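K.L.:
build me a structure from this.
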Amino acid sequence: MISFGADRAPGLLAHPGLVPPPAAPGPPGGLAWLRAGVARFASGEAHARRRALAADLLGPMDLDVLRLRAEVLACIALEDAPLDVMDRIARDVPVRVLAESLDIPDIDVAAVRRVAAAYPTGEPVPGADDAVASLVAAFGGVADEPTAARIGLLVQACEATAALIGGTLAAGAGLGPDAVAARLRDDPPVRATIRQAATAVAGLQPGEPARIELDGTVPFGAGPHACPGHRQALAVATGVCEALQRVPAPTGPVAYEPLPNLHLPAAIHVKRHP
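P.N.:
Below you'll find the model as predicted:
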């Protein structure tokens, strides 16, 4: 696969001849159905329609409320310290905060995490189809595009926001209000994205995939597929990091998940203050 450096990302991601690899359809209510029904893997009119659905869901969310709620939920979780931040907070709190904003306060976080593990590639993961079905039921039981948009927001926020929180904590450079923004600038968690040539472009033939690296200038992507929820992700991650100031900073090296495009800590353990 051809790779392009981050210096070319803004132009390439805005080029209409480079699109996300399309997702194969599947039976309603399963993983393949979800991937084929969201904006992330779509292009053209379908992408515009589905992205508008996501924007309509995100637009009314109050960023200050998201930040405060994330801080509160993280503080509640920290009452059980020592704990693994990645498991108990980073992969949990963002999903709960966004689900509450979507009027689903009792979301099955385990189901969201199971779907998130399979979502980027669509490769089979045990229980993923059942997890999607349970989330469809939680959002009213209708397997349509509005439901896919709601589930997609939670799934896409799960791992990426966890990586942002974990990366900020692992950096050891403080957890104040500017820490998350600094982390995005210096070492963004999403390292690359995949596009497929719809036409001959940038030396690619139609149907040929390419890896486009990202850096601090485009941490949430660029062009028509730039992350529509970047402000909400920043608010939630900042709230969590403010809560983490209440416990001692972790010590020792941090291991990362073996993921090609996401810099995601596997575990970060914290203790209570003595």
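K.L.:
right, and the helix or strand after the helix-or-strand element of the chain with minimal mean pLDDT?
P.N.:
Every helix and strand in the chain was compared by mean pLDDT, DSSP states H and E; the lowest is helix 179-186, with a mean of 87. Where DSSP states H and E defines the elements, the next helix or strand beyond helix 179-186 is strand 192-197.
K.L.:
break down the stretch 101-250 of the chain into its helices, ranges please.
P.N.:
Under the criterion DSSP state H, counting those that start in this stretch, the stretch 101-250 of the chain contains helices at 109-118, 128-138, 145-171, 179-186, 230-244.
K.L.:
low-scoring stretches of the stretch 101-250 of the chain, by residue?
P.N.:
Filtered on pLDDT under 70, the stretch 101-250 of the chain yields the residue ranges 173.
K.L.:
I'd say residue 213 and residue 12 touch.
P.N.:
No - the pair residue 213 / residue 12 is not scored as a contact, 10.1 Å apart, by CB atoms under 8 Å. Using the backbone N, CA and C atoms, a C-beta is placed for each residue, glycine as well.
K.L.:
overlap in contacts, the two.
P.N.:
Residues touching both residue 213 and residue 12 (CB atoms under 8 Å, 6 or more residues apart in numbering) are residue 4.
K.L.:
between the two, which one's more packed in?
P.N.:
residue 12 (20 against 16; other CB atoms under 10 Å).
K.L.:
sec struct for that one, please.
P.N.:
Here residue 12 is recorded as helix under DSSP: H, G, I helix; E, B strand; the rest coil.
K.L.:
what's the distance between it and residue 195?
P.N.:
Separation of residue 12 from residue 195 (CB to CB, to the nearest Å) stands at 7 Å.
K.L.:
check the contact lists of the two and give me the overlap.
P.N.:
Contact with both residue 12 and residue 195 is made by residues 18, 210, 212, according to CB under 8 Å, 6+ apart.
K.L.:
could you export those residues as JSON lines, including neighbour count and distance to residue 163?
P.N.:
Listed next are these as JSON lines, based on neighbours: other CB atoms under 10 Å; distance: CB to CB, whole Å:
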{"residue": "18", "neighbour count": "25", "distance to residue 163": "24"}
{"residue": "210", "neighbour count": "20", "distance to residue 163": "22"}
{"residue": "212", "neighbour count": "25", "distance to residue 163": "18"}
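K.L.:
would you turn those into a markdown table with distance to residue 180?
P.N.:
Below are those laid out as a markdown table (distance: CB to CB, whole Å):
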| residue | distance to residue 180 |
| --- | --- |
| 18 | 29 |
| 210 | 29 |
| 212 | 23 |
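K.L.:
these in strands, which ones?
P.N.:
Among the shared contacts of residue 12 and residue 195, DSSP state E puts 18, 210, 212 in strands.
K.L.:
which one of these is nearest residue 67?
P.N.:
Among these, residue 212 lies closest to residue 67 (CB to CB), at 30.4 Å.
K.L.:
for the closest one, what are its contacts?
P.N.:
Taking CB under 8 Å, 6+ apart as the definition, contacts of residue 212 comprise 3-4, 6, 8-9, 12-13, 192-195.
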